[in-house]
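Q: the following comprises the amino acid sequence and a computationally predicted model.
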Amino acid sequence: MPWQHQRLALIDTIALWRAEFYRQHIGLLQQSLIGRQHGVVLLRLAFTWHQFQRVAGQ
C-alpha cells in the first residue's frame, strides 16, 4: 500500500500549499482594507479641516 502513502503525501502537500495561498490572500485583503480605512480617515480629516477654516474665516 505504498501508493496510499504517496497519495496522502500529495494531498498534504496540496493542502499546505492552499493554506499558504489563502494566508497570503487574506494578508493582502487586510492590507487593502487598512489602506482604504486610512484613506477614508484622511478624507474626513481634510473635510473637517476645510469646514473649520470656513467657520473660523466667517
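A: Thanks, I have it. Numbering: from 1, shown residues only.

Q: roughly how far is the helix or strand harbouring W49 from the heart of the chain?
A: Per DSSP states H and E: W49 is located in helix 2-57. Helix 2-57 has its C-alpha centroid displaced from the chain centroid by 0 Å (Cα atoms, centre = their mean, to the nearest Å).

Q: what about L8, distance to L16?
A: Distance, L8 to L16, using Cβ to Cβ, to the nearest Å: 12 Å. For glycine as for every other residue, the C-beta is placed from the backbone atoms N, C-alpha and C.

Q: tell me the confidence at F52?
A: Per-residue confidence (pLDDT) for F52: 86.

Q: same thing with T48?
A: Note on T48: pLDDT of 91.

Q: which secondary structure elements does the helix holding W49 contact?
A: Helices and strands touching helix 2-57, as assessed by 3 or more Cβ pairs under 8 Å, 6 or more residues apart in numbering; DSSP states H and E, are absent.

Q: shaky segments in this protein?
A: Residue ranges of the chain with pLDDT under 70: 1-3, 5, 58.

Q: let's see it at 90
A: Low-confidence segments of the chain (pLDDT under 90): 1-19, 22-23, 25-45, 50-58.

Q: tally of neighbours for V40?
A: 10 (other Cβ atoms under 10 Å).

Q: any idea how far it is from H50?
A: V40 sits 16 Å away from H50, going by Cβ to Cβ.

Q: alpha carbons only: can I get stretch 26-37 in PDB?
A: In PDB, the C-alpha atoms belonging to stretch 26-37 read as follows (Å, rounded to 0.1, in the frame of the first residue of the first chain):
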ATOM      1  CA  ILE A  26      -6.100  37.200   3.500                       C
ATOM      2  CA  GLY A  27      -3.000  39.300   4.300                       C
ATOM      3  CA  LEU A  28      -3.400  41.300   1.100                       C
ATOM      4  CA  LEU A  29      -7.100  41.800   1.700                       C
ATOM      5  CA  GLN A  30      -6.300  43.100   5.200                       C
ATOM      6  CA  GLN A  31      -3.700  45.500   3.900                       C
ATOM      7  CA  SER A  32      -6.100  46.700   1.300                       C
ATOM      8  CA  LEU A  33      -8.800  47.300   3.900                       C
ATOM      9  CA  ILE A  34      -6.500  49.100   6.200                       C
ATOM     10  CA  GLY A  35      -5.300  51.300   3.300                       C
ATOM     11  CA  ARG A  36      -8.900  52.100   2.400                       C
ATOM     12  CA  GLN A  37      -9.700  52.900   6.000                       C
END
